[in-house]
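> Following is a predicted model, sequence given first.
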Amino acid sequence: MLQVEQLDVFYGDIQVLWDISFHVHNNEFVVLVGSNGAGKSTLMKTISGLVRPKRGSIRFGDVRLDQLKPYEIIKFGLSHIPEGRQLFPEMSVLENLEMGALNPEAKAKRKETLEWVFSLFPRLKERTGQMAGTLSGGEQQMCAIARGLMSLPRMVLLDEPSLGLSPRLTQEIFRLVQEIHHKGMTILMVEQNVKQTLAICDRGYVLENGRIVLEGRGQDLLEDQRVKEAFLGL
Amino acid sequence: MSTPFFESHELTKDFGGLRAVNGLSFHVNEGEIFGLIGPNGSGKTTVFNLIGGYYPITSGSLRFQGTTLNSLPTWKICKLGIGRTFQVMKPLRRMTVLENVMTAAFNRTDVIAESRKKALEVLEFCGLAHRKDMTAKGLPIGYRKRLEIARALATEPKLLLLDETMAGLTPQEQAEGVTLIRKIRDSGITIIIVEHIMRVIMSLCDRILCINYGQRIAEGSPQEVANHPAVIEAYLGKE
Amino acid sequence: MKAIRWQIALIVAASLIFPWVVRSEYYLHVIILAYIWVIIGSSWNLLAGFTGQVSFGHAIFFGIGAYTAGLCATKLGVSAWWGVIFGGPMASLIGFIIGWICFRLRGPYFALATIAVGEIFRLIAVVWRSFTGGMEGILLMQTFRSKLPYYYLALFLSLTCILAIHLAMRSKWGYYFVAIREDQDAAESMGVSAFRYKSLSLIISSFFTGVAGAFYMNYMAFIDPEVVFSLHHISIMAILVGIIGGVGTLWGPPLGAFIMVLLQETFRSSFFGLAPRWVSEVHVLVFGLLVIFVILYMANGVVGDWDKIRRLWSRKAESVAATAGKGS
Amino acid sequence: WGEETLRVGIILPLTGAKANFGEIEKLSFDMALKEINDAGGINGKKLEFLFEDDTGRPEVARSAAEKLINKDKVLMLGGGYGSSETFAIAGVAQQNRIPFLVNTGSDDKITEQGWDYVFRLNPPVSEYPKALESFLVEVVKPKTAAILYENTNFGSSGARKFKEICQRLGIQVVVEEGYEHGGVDFKPILIKVKDKNPDLIYMISYVMDAALLMRQSMELRVKPKLFVGGGAGFTLPEFPKNAGKAAEKVFSATLWYQTLKYPGALDYYNKFVATYKKDTEYHGAEAYASAYVIADALERAKSTSRDDIRKAMAETDMMTVFGPVKFIAYDKKTNQNRLPTYLVQWIDGRLELVWPKELATKPYVYPIDWESVWR
Amino acid sequence: MSVFVQTVVAGTLMGGIYALIGIGMTLIMGVMKIINLAHGQLMMVAMYITYVLYEYLHVDPYLALVVTMPALFVLGALIQRYLLNPLIKVEAILPENQVLMTVGIGMVLTEIARMIFHSDYKSVRPAYTSISLYAGPIAFNLPMCIAFGIAVLLTIGLFIFLLKTDTGKSVRATAQNKEAALLLGVNADRIMVFTYGLGAALVAAAGTLLLPIYYLFPDLGGAFTLKAFVITILGGLGSTVGAIVGGVVLGVSESLGATYVSMGLKDAVGMVIFLLVLIFLPGGLKRLTKI
Ligand SMILES: Nc1ncnc2c1ncn2[C@@H]1O[C@H](COP(=O)(O)OP(=O)(O)OP(=O)(O)O)[C@@H](O)[C@H]1O
Ligand SMILES: Nc1ncnc2c1ncn2[C@@H]1O[C@H](COP(=O)(O)OP(=O)(O)OP(=O)(O)O)[C@@H](O)[C@H]1O
Ligand SMILES: [Mg+2]
Ligand SMILES: [Mg+2]
């Protein structure tokens, strides 16, 4: 479904991604792990069009994304839920969610989608009128995920959804991600909770200093000596 | 009984209609690492902000080595010997790492040379010395978190407040962080730490306070707190 | 470092002998104006560029200094030169009070507040006729017929101002000023009293601006509220001087002062009478375009983006060399 | 080349808010210059005017004067439009001992400093209402007056002088208020004036403020015995154009009118209109006359030294389109030309000279029934 | 008593004009967070267009709205597209760079107007400009009443637009978090271009309605830019209803100040209120009225 080939990405003169190639199949749950500053978020941003690659190609189904703008990319059913929540702080939860369904198809089904999203996150339903900026961290994260789902995407990119969340909420988020996945959505996720994520995903890639150094099924990676050393603190 | 090193008494903070901190009392002994945990939005950062003098206290009081902190401005609190890091990092973006830390070191000296010396020591201590001439804005997250700590240390605090300095780090980096924090404590600095990563909290803290809705739900040794049913219910979740 | 010191010595030496080389009083006049702007621009830059508090109201301090000097003469009957001594402290005092009121505002709101305060001062100076003379202004006679005393005094004052700012920036104050600019909350957490150091920066800044105003009164010998409290011709001009030269750099504003004053005079006089008259009519337009251009392409000014400019040049030179090479 | 031409610096506002007046003056200077040179120049040499733009700001006026004196080495200076700018230029001229003939800047102070190098062709602002004064004494005999003026040098010194006249005549000043030039809404001040109901409203305003003041007075039905403008805005063609019927029957003090029986006055007016296809008024006449005064002085000067030119200026005694010119000392003033002033009134959309009576082009209309005028 | 009533009436009507000027600013400064020091200058441009239409084509100023609003929309959009949007990508020490850019734009607009029309005063005087309605001794100027009505209508329109339409929500979203808006499919650059254009169109309405009451010269902008700030801060940033309230409060207090204190300090009254609100009531009157 998503096919990335030989991607080079720069910030100004500094190269952060080197020759990245990977793919995600339809209805697959793929995880990207890597240390700080490895370039995971940059990769996500490149796919969703926030950052332009210098070389390489990104295909989603049969469209090429790499020269498109973010607001064009979302029309093809790709939704990026960014690191750090990025809500609209002075808009209500409901308005934030509505902003998630701007393209015509999603807009037509806005009512039903809202119901669905509220069933996933009952907490949000209680807070529809509250300004998003005053939600607690966990609620904000839920709101961000819910908003990303409002466009009824075929695939979601999730960047560190558990960052700064309590253990309990972290588990809740993971449960939700799995639930969404089981509903038939393709997922590409970045996580620092390596152990847990690798355990529930289909496949994983390890990113180091802007390069993909390992690839494999989640369980296999968990067993890998290098992964153990670098990420599991063993 | 002698006055505790740091004490919060019936601390309360309202934001409009929202009571973010609700009659919270606790104390911290000199030389210990005190963990503050709780679900998101339970008021941990708010407690830090109240200690740091960023918001006026609604009611209750904070005392540090016998001095009441209520209504002192932030910079005076720092002068008293309370250093802090920010959950949302605030590097001085266009200054170099060294300059960032020197600015903090001026807290105890007016002389350039001394502050530079102090700053270099701290950078060495935090493992940032090799990055000292980089501007802070170009620093990767892991180093930025260390810079936060280094800056707080350079003010020569007696009490250090660490707000989620491990979030977003890999387990490997977390382990390094834990070592660093231990080292800081061993140098005689008392620490209050907020963190969601239980492994870090459990291995570092002497005592832990768990709060929810700005109220205490449990306090005690790491083991006691981790097994407390209310904590599991509100915070840890069932494993 | 050595090389820089050498260059500075050269600039100072050149400034000192300038009147003996170029003997035209008119050019001296233009350079004296430039020195006044060096002081205003550098002072503005201390507050805005280094401390991050963008003032749209530096005319206040300039005006206070100028009126202190003028009123010394008209109300106290003493020499207006006393203004050069009292104008600075007077402006600092007003600066402190304004800071006390406005420093609780941050960023653009501070800037807006300074516009408002500036207008209030101007209007008061206009309306309070019995004290300030209102729009009839204050006219004195210059003390010296020769330009030389003014030239050297202006040179001395501007060098003093630059030196003072240099020393301040090299001390703890400088670190604190920049820290406040970068992140006020973080600075406070490091024991910096933002209010105290913002005030300090404003006091120094307004002091020198006031001195410049007092010197201006003595040199130009005529002031009225529209002249010295002008939003456009003083406050915004101060900003343009800073921006074009380069905010947050020591040598940017002085350079910006020379660029702006020379440009203004060149255009006003239609390239000293060489170009057709309409040229002088477009000088404000050229200013406007210059501002737009600088902000778009050299956001940090001539000094701030010096490396960028040099790179551009050398690249151009390279490509010229390359094509030349191909041609031969 | 330098020997062939006699260079005189003229400083006027050629850009900025006052530029349209500066333009009229410059064109008048140009017109006079051409006539003078066509008639053979000055003692066989050509006269040349170097124009400098003061942009309507005193500090710039000073730079311009510096440049003319020190760089261009002109023989003397002329021009001077705004009072503040003129004041600043006069200071420089006196300091450098170079003669300066002021043609418009009208603040009294300019010739009250004892400056021997500064001459003024036009009457000072305090004398603008001189004709009005006799009109008031002989015809209106008001008890109370309101004075409204723009907060500029010209406005506030004019207001101060008129207040002195009121005191002399025993007229009580019930409102005296300055306003910021360019206001949109003068109603608050007019409401206050209406409440005090003065016999006379004296206004010193440029043309657009003048038009708005009159329109809003009409709107609020402010009805004194008479409205009088203190020169400046009230005599310009734009005034009735903008004020509409609210301009009707308004009086104004003025310095000059083309139908005055000065030799060449009407010719100047007609020639200007024919040449430049636009109207001219007293400012233009001042400039035109001033060019001739300058030429006359240079012709008589024993040498081109500044001192000889000054002496020649001081001895000036000639007739111009603006009236007789002779620099004398009176009251506190020195080197001041003394001229009568006039009172004009807008009657049926035309500006008519109504006072002094013997010169009147039409009899004045007074008393005035405002309701019927404004209907 | 009638002095007081007439003063308040005059101030309120003036407030309507102020509100018109403030509405565009509320959008540009309050919603988009762009401090626009070229606001008055944009108004001036609209006024010149109105003038040309009236003088040469004899188009009534109220009809001219149909031309000036779209024209200024285009001008505003071009400014945002080519001068302000690129700034976002430029890293500079002072975030106030954008403010200075608008200063430069203001200068350029003024000077271009001066080159074309010279410094002369221009005015437009259709017959109805001096019609007043009288309620006893109290006069109501007709064009000002009409301007007041239009100000109310535009406010309501803008209010509904921002709160109820997707485009309006996108405008607010883009202002609050541009990157997130992009990710959700908002063409953020275009929205910003649109918003600035809309703000310019609104101030064009103000200019066109002001011209019959006032007059026109190239330097007219600056003073009105300041008024626009005062109104926007008074009313509360981003509050559409606040623009009306702010405008009227400013108009009335200036009038009262002029009548009862001093005409010369009329503008100072506005500035003092502005300062007081900035300092003691951040959030403006919105804080009091909650809208
Ligand atoms: N806007 C930017 N400009 C310049 N460099 C950047 C920018 N954003 C990120 N970088 C640099 O690019 C590299 C990759 O950053 P990225 O945010 O993609 O890492 P990451 O793997 O997501 O890390 P983290 O776990 O901290 O989120 C880092 O070295 C970072 O400093
Ligand atoms: N400035 C503020 N204004 C209004 N409400 C606030 C403000 N700061 C915090 N709050 C609210 O106070 C509550 C406590 O917030 P706080 O940031 O202290 O939580 P926390 O425990 O640090 O959470 P996290 O673990 O997510 O960082 C939250 O509900 C938050 O929305
Ligand atoms: Mg990341
Ligand atoms: Mg927190």
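Yes, it's here. Numbers count the residues shown, from 1 in each chain, chains lettered A, B, ... in the order given. Ligands and ions are numbered 1, 2, ... in the order given.

> Could you pull out the strands in chain E for me?
With DSSP state E as the criterion, chain E has strands at E:132-135, E:138-141.

> Let's have those in TSV, adding mean pLDDT and distance to chain D.
Glycine gets a C-beta too; all of them are placed from N, C-alpha and C. Below are these laid out as TSV (pLDDT from 0 to 100; distance: least, CB to the nearest CB, whole Å):
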stretch	mean pLDDT	distance to chain D
strand E:132-135	80	5
strand E:138-141	83	5
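
> among the ones you listed, which is the most enclosed?
With neighbours taken as mean count of other CB atoms under 10 Å in any protein chain shown, the strands of chain E reach their highest mean count in strand E:138-141, at a mean of 20.

> Only C-alpha atoms, please: export that strand in CSV.
The C-alpha trace of strand E:138-141 is given here as CSV (Å, rounded to 0.1, in the frame of the first residue of the first chain):
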residue,chain,number,x,y,z
ILE,E,138,-30.0,66.5,18.4
ALA,E,139,-28.5,66.0,15.0
PHE,E,140,-27.9,62.6,13.4
ASN,E,141,-25.7,62.6,10.3
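
> Get me the contact residues on the stretch 101-250 of chain E for chain C.
E:101, E:103-108, E:110-112, E:114-115, E:222, E:226, E:229-230, E:233 (CB under 8 Å from any CB of the partner chain).

> Now do the contacts for the closest residue to residue A:42 other than its chain neighbours.
The shortest distance from residue A:42 to any non-neighbouring residue, by CB to CB, 6 or more residues apart in numbering or on different chains, is to residue A:16 (5.2 Å). By CB atoms under 8 Å, 6 or more residues apart in numbering or on different chains, residue A:16 lies in contact with A:9-10, A:39, A:42, A:210.

> what's the following helix or strand after the strand or helix carrying residue C:130?
Assessed by DSSP states H and E, residue C:130 sits inside helix C:129-132. Next helix or strand after helix C:129-132 toward the C-terminus (DSSP H and E): strand C:138-139.

> Confirm that residue C:262 sits in a strand.
No - applying DSSP: H, G, I helix; E, B strand; the rest coil, one finds residue C:262 to be helix, outside a strand.

> quick one, strands of chain A?
Under DSSP E, chain A gives strands at A:2-11, A:14-24, A:29-34, A:55-60, A:63-64, A:78-81, A:155-159, A:186-190, A:203-208, A:211-217.

> go on, the stretch 1-150 of chain D?
D:5-12, D:46-53, D:76-79, D:100-102, D:118-120, D:144-150 (DSSP state E, counting those that start in this stretch).

> Looking at those strands, which is nearest to residue C:258?
Nearest to residue C:258, of all the strands of the stretch 1-150 of chain D, is strand D:46-53, at 21.7 Å by CB to CB.

> Which single residue of chain C ends up nearest chain A?
residue C:311 (11.7 Å; CB to the nearest CB).

> ok, that residue to residue E:93 distance?
Separation of residue C:311 from residue E:93 (CB to CB, to the nearest Å): 19 Å.

> Check residue D:95 too.
For residue D:95 relative to residue E:93 (CB to CB), the value is 43 Å.

> Ok, residue D:344 next?
59 Å.

> cool, and residue D:16?
From residue D:16 to residue E:93 the distance is 33 Å (CB to CB).

> more neighbours, these two?
More crowded of residue D:16 and residue E:93, by other CB atoms under 10 Å in any protein chain shown: residue E:93, with 23 against 20.

> For the residue nearest to that one when sequence neighbours are not counted, which three-state class applies?
Once flanking residues are discounted, residue E:93 sits nearest to residue C:248: 4.6 Å by CB to CB, 6+ apart. When classified by three-state DSSP, residue C:248 comes out as coil.

> Equivalent analysis for the one 5 residues further on, please.
For residue C:253, the assignment made with three-state DSSP gives helix.

> so where's the chain uncertain?
Using chain A here. A:232-234 (pLDDT under 70).

> My question was about chain D, not that one.
Looking at chain D by pLDDT under 70, you get D:1-3.

> Stretch D:233-242 vs chain E: in contact?
Yes - interface with chain E: stretch D:233-242 contributes D:238, D:241-242 (CB under 8 Å from any CB).

> Check stretch D:152-172 too.
No - on the criterion CB under 8 Å from any CB, stretch D:152-172 is out of touch with chain E, staying 9.5 Å away.

> Number of residues surrounding residue 157?
I'll assume chain A. 25.

> To clarify, I was referring to chain C.
21.

> beta partners of the closest residue to chain D within the stretch 151-300 of chain C?
Nearest residue of the stretch 151-300 of chain C to chain D, counting by CB to the nearest CB: residue C:222, 4.2 Å away. With DSSP bridges applied, residue C:222 shows beta-bridge pairing to residue C:139.

> So which residues of chain A form helices?
A:40-48, A:70-73, A:93-99, A:104-108, A:110-120, A:122-126, A:137-149, A:167-182, A:194-200, A:218-223, A:225-231 (DSSP state H).

> Adding mean neighbour count, write those out as TSV.
Output for the helices of chain A, formatted as TSV (neighbours: other CB atoms under 10 Å in any protein chain shown):
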stretch	mean neighbour count
helix A:40-48	24
helix A:70-73	20
helix A:93-99	23
helix A:104-108	13
helix A:110-120	15
helix A:122-126	15
helix A:137-149	24
helix A:167-182	18
helix A:194-200	19
helix A:218-223	16
helix A:225-231	17
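
> Ok, which of these comes nearest residue D:274?
It is, among the helices of chain A and with distance given as CB to CB, helix A:70-73, at 64.7 Å.

> count of neighbours near residue D:96?
Neighbours of residue D:96 (other CB under 10 Å): 19.

> Please apply the same query to residue D:22.
Residue D:22 has 28 nearby residues by other CB under 10 Å.

> what about it, distance to residue D:53?
Counting by CB to CB, the gap from residue D:22 to residue D:53 is 8 Å.

> Over to residue B:107?
In terms of CB to CB, residue B:107 sits 56 Å off from residue D:53.

> And the two? Which one has more around it.
residue D:53 (25 against 22).

> so what's that one up against?
C:268, C:280, D:11-15, D:22, D:60, D:64.

> Look up which residues are beta-bridged to it.
Residues in beta-bridge contact with residue D:53 (DSSP bridges): residue D:12.

> just to revisit the earlier point, between the strands of the stretch 1-150 of chain D, which one is nearest to residue B:119?
strand D:46-53 (56.0 Å).

> Please tell me how far that closest one is from the chain's geometric centre.
21 Å (CA atoms, centre = their mean, to the nearest Å).

> what angle separates that strand from strand D:5-12?
30 degrees (axes from the mean of the first three to the mean of the last three CA atoms, to 10 degrees).

> Can you mark which positions in strand D:46-53 are buried?
Going by neighbour count (16 or more other CB atoms under 10 Å in any protein chain shown), the buried part of strand D:46-53 is D:47-53.

> Out of the residues you listed, which is nearest to residue E:73?
Nearest to residue E:73 out of those is residue D:53 (CB to CB; 36.3 Å).

> Leaving out chain neighbours, which residue sits closest to residue D:359?
That would be residue D:353: by CB to CB, 6+ apart, it lies 5.9 Å from residue D:359.

> show me what contacts that neighbour?
Residue D:353 neighbours (CB under 8 Å, 6+ apart): D:257, D:259-260, D:342-344, D:359-362.

> Please list all residues in contact with whatever residue of the stretch 201-350 of chain D ends up closest to ligand 3.
Across the stretch 201-350 of chain D, the shortest distance to ligand 3 (CB to the ion) belongs to residue D:208, at 61.2 Å. Going by CB under 8 Å, 6+ apart, residue D:208 touches D:182, D:233, D:238, D:242, E:121, E:123, E:215, E:217.

> Please apply the same query to residue D:265.
Applying CB under 8 Å, 6+ apart, the residues near residue D:265 are D:256, D:258-259, D:285, D:321-322.
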